[in-house]
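Trainee: This is the structure alone, sequence omitted:
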């Protein structure tokens, strides 16, 4: 979101100093956070509260 904000500010409002490195830094930081979260366990369980998985007869 930050990298996109810098891009849009550059395009529609005014130039941002060091926008190239800032955009890439924030973009890769976000990509790292997304990739790092893949290995984490979810904090909720979808199976809680579901009825048994018996077929309907």
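Mentor: Happy to help now that I have it. The shown structure was predicted, so the numbers you read here are calculated from the model rather than taken from an experiment. Numbering: from 1, shown residues only.

Trainee: Give the other helices and strands that the helix or strand bottoming out on mean pLDDT in the chain contacts.
Mentor: The weakest-scoring helix or strand in the chain, judged by mean pLDDT, DSSP states H and E, is helix 2-12 (a mean of 88). Counting contacts by 3 or more Cβ pairs under 8 Å, 6 or more residues apart in numbering; DSSP states H and E, helix 2-12 is packed against helix 19-37. C-beta here means a position set from N, CA and C on the backbone, and glycine is covered the same way.

Trainee: The helix it packs on versus helix 2-12: what angle between them?
Mentor: Angle, helix 19-37 to helix 2-12, by axes from the mean of the first three to the mean of the last three Cα atoms, to 10 degrees: 150 degrees.

Trainee: where does this structure dip in pLDDT?
Mentor: 40-57 (pLDDT under 70).

Trainee: circling back: what residues does the least confident helix or strand of the chain touch?
Mentor: 16, 19, 22-24, 26-27, 30 (Cβ atoms under 8 Å, 6 or more residues apart in numbering).

Trainee: buried set for it?
Mentor: Across helix 2-12, burial judged by 16 or more other Cβ atoms under 10 Å covers 3, 6.

Trainee: before we move on, the earlier item: just the buried members of the contacts of helix 2-12?
Mentor: Applying 16+ other Cβ under 10 Å to these flags 22-23, 26 as buried.

Trainee: can you redo those as a markdown table with distance to residue 38?
Mentor: Shown next, in a markdown table, are those (distance: Cβ to Cβ, whole Å):
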| residue | distance to residue 38 |
| --- | --- |
| 22 | 26 |
| 23 | 24 |
| 26 | 20 |
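
Trainee: Out of those, flag the one nearest to residue 36.
Mentor: residue 26 (15.5 Å; Cβ to Cβ).

Trainee: Now for that closest one: which residues touch it?
Mentor: So residue 26 contacts 2-3, 6 (Cβ under 8 Å, 6+ apart).

Trainee: now with 7 Å?
Mentor: 2-3 (Cβ atoms under 7 Å, 6 or more residues apart in numbering).

Trainee: begin at 43 from here
Mentor: Will do, 43 is the new start, and the previous item becomes residue 68.
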